[in-house]
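K.L.:
Starting from these lines, generate the structure:
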Amino acid sequence: MRNFIFFSFFILFIIILWNYSDENKHLIKIRGITMGNISYNIKYLNKEKINYKSAIDSILVDFNNSLSTYISDSELSKFNNSDTLFNISNELYTILKVSDKIHRSTKGAFDPTIGKLVNLWGFGPTKILETPDSLKVRETLKNVGFNQIYFDNKIAVRNNLNIYLDFSAIAKGYAVDIIAEFLNNKNIKNFMVEIGGEVRCSGFNENKNWIIGINDPLEKNLNLPFASVSLVDRSLATSGNYRNFYKKNNVIISHTIDPRTGFSSNSNILSASVFYKSCTEADAYATAFMVLGKNKSIEIVEKNQDLDAFLVFLDNNGNIKNYVSKGIEKHINLLKEN
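P.N.:
Below is the predicted model of the structure:
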């Protein structure tokens with residue numbers, strides 16, 4: 001009997017080992033473009049060697065048709081041109097719900113009704129010829145405020161018809177989560193999903209942790225990382241002004257607009273990398289931290305045990321410093337000295 005139990009255990013061990021090894025042999029790599037010109041990279045281990053690129057592309061097309069401001073007949077565009085939208089999609093409801101949560105927890109530093117300010121500063125679908133003056137900014141700021149949106153799982157209402165929603169600060173993270181859930185539903189446990197720099201990892205990369213690079217906010221070459229991090233069953237979203245800005249009259253205009261003032265953010269943070277289970281929420285917090293600055297961002301991180309951050313900032317003397325929260329200290333590797 002003992003020999004039979006041992007033999008059965010041995011066979012079970014061999015089967016598990018064979019399945020694990022077999023899965024590791026088939027690393028599927030998928031690349032593509034979404035949301036206009038944003039690249040995506042997906043890797044996953046799959047013993048059946050199934051390539052899900054067609055299904056993933058289809059999901060991302062549906063995602064854009066729901067939440068893009070660049071598509072005139074998208075669900076979001078229809079909402080931006082009406083007072084009430086009935087029978088809203090799960091995508092729109094979910095992103096509104098997460099936006100409301102982060103808007104409240106950051107006291108307005110994250111606000112997707114910032115859309116008209118984004119457009120005013122030339123970061124929306126239409127580029128501008130000159131920067132807006134303070135009077136125009138103040139007038140536009142009257143039409144910003146997430147508290148002017150009502151929604152539930154069936155309808156969404158704009159109580160102010162001049163409110164314009166823009167989810168560009170959270171959309172990439174949300175798309176990452178949607179693709180990650182698709183892979184989970186296919187019983188794929190080891191994967192890395194990256195869309196436009198926002199990442200979610202699950203399991204392992206061929207017996208190793210997934211290693212993700214964090215860009216240097218002062219380095220023009222985005223292939224030269226400032227740090228690397230070992231990511232296990234977690235998401236990473238980074239926001240930094242090096243990704244999207246323009247120069248007018250020798251003044252750099254950052255894409256990070258403070259929804260509370262209407263002007264380009266003037267915080268001391270150069271880049272904010274946020275770690276959270278949900279990439280949607282990590283993306284929103286990363287944007288908010290660029291607005292809030294170092295001290296208020298750290299305060300939020302230290303109050304939330306599930307939230308971690310790696311912040312690169314300027315101290316009072318203009319020197320580059322960094323902050324690493326306790327939850328990721330053992331997992332992050334600085335590749336450059338301050």
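
K.L.:
Do you have the helices of the stretch 201-338 of the chain handy? List them.
P.N.:
Secondary structure of the stretch 201-338 of the chain (DSSP state H, counting those that start in this stretch): helices at 279-292, 294-303.

K.L.:
Tell me which of those helices sits most buried.
P.N.:
Comparing the helices of the stretch 201-338 of the chain by mean neighbour count (mean count of other Cβ atoms under 10 Å), helix 279-292 ranks first with a mean of 29. Where C-beta positions appear, they are placed from N, C-alpha and C, glycine not excepted.

K.L.:
Minimum distance to residue 155: which of the helices of the stretch 201-338 of the chain has it?
P.N.:
Each of those has some distance to residue 155 by Cβ to Cβ; the shortest is helix 279-292, at 21.5 Å.

K.L.:
Mean confidence (pLDDT) on that closest one, please.
P.N.:
Model confidence over helix 279-292 averages 96 on the pLDDT scale.

K.L.:
what separates it from the chain centre, distance-wise?
P.N.:
8 Å (Cα atoms, centre = their mean, to the nearest Å).

K.L.:
now swap in stretch 133-142 and tell me
P.N.:
28 Å.

K.L.:
Tell me which residues are up against it.
P.N.:
The contact list for stretch 133-142, computed with Cβ atoms under 8 Å, 6 or more residues apart in numbering, reads 116-117, 120, 132, 162, 261-263.

K.L.:
Pull out the buried residues from it.
P.N.:
Buried residues in stretch 133-142, defined by neighbour count with 16 or more other Cβ atoms under 10 Å: 137, 140-141.

K.L.:
From the contacts of stretch 133-142, list the buried ones, please.
P.N.:
Among the contacts of stretch 133-142, the ones that count as buried by 16+ other Cβ under 10 Å are 116-117, 120, 132, 262-263.

K.L.:
Hmm, residue 68 is touching residue 77, no?
P.N.:
Yes. Under the criterion of Cβ atoms under 8 Å, residue 68 is in contact with residue 77, at a separation of 7.4 Å.

K.L.:
that older thread, which of the buried ones among the contacts of stretch 133-142 lies closest to residue 31?
P.N.:
Distance from residue 31 was checked for each of those by Cβ to Cβ. The minimum falls on residue 117, at 33.4 Å.

K.L.:
which residue packs closest to that closest one, ignoring adjacent ones?
P.N.:
Once flanking residues are discounted, residue 117 sits nearest to residue 257: 5.1 Å by Cβ to Cβ, 6 or more residues apart in numbering.

K.L.:
what bits of this protein have low per-residue confidence?
P.N.:
1-25, 124-129, 218-224, 241-255, 336-338 (pLDDT under 70).

K.L.:
again, only this time at 50
P.N.:
Across the chain, the ranges flagged by pLDDT under 50 are 1-24, 243-253.

K.L.:
end-to-end on stretch 31-39?
P.N.:
Chord length of stretch 31-39, first to last residue, is 7 Å (Cα to Cα, to the nearest Å).

K.L.:
which other residues reach it?
P.N.:
40-42, 53, 56-57, 60, 63-64, 68, 70, 171-172, 175, 195-196.

K.L.:
I figured residue 301 hits residue 324, correct?
P.N.:
No. Using Cβ under 8 Å, residue 301 makes no contact with residue 324, being 10.4 Å away.

K.L.:
Could you report the distance from residue 122 to residue 116?
P.N.:
12 Å (Cβ to Cβ, to the nearest Å).

K.L.:
oh, I was asking about residue 131
P.N.:
15 Å.

K.L.:
For residue 323, the count of nearby residues, please.
P.N.:
Neighbour count for residue 323, taken as other Cβ atoms under 10 Å: 16.
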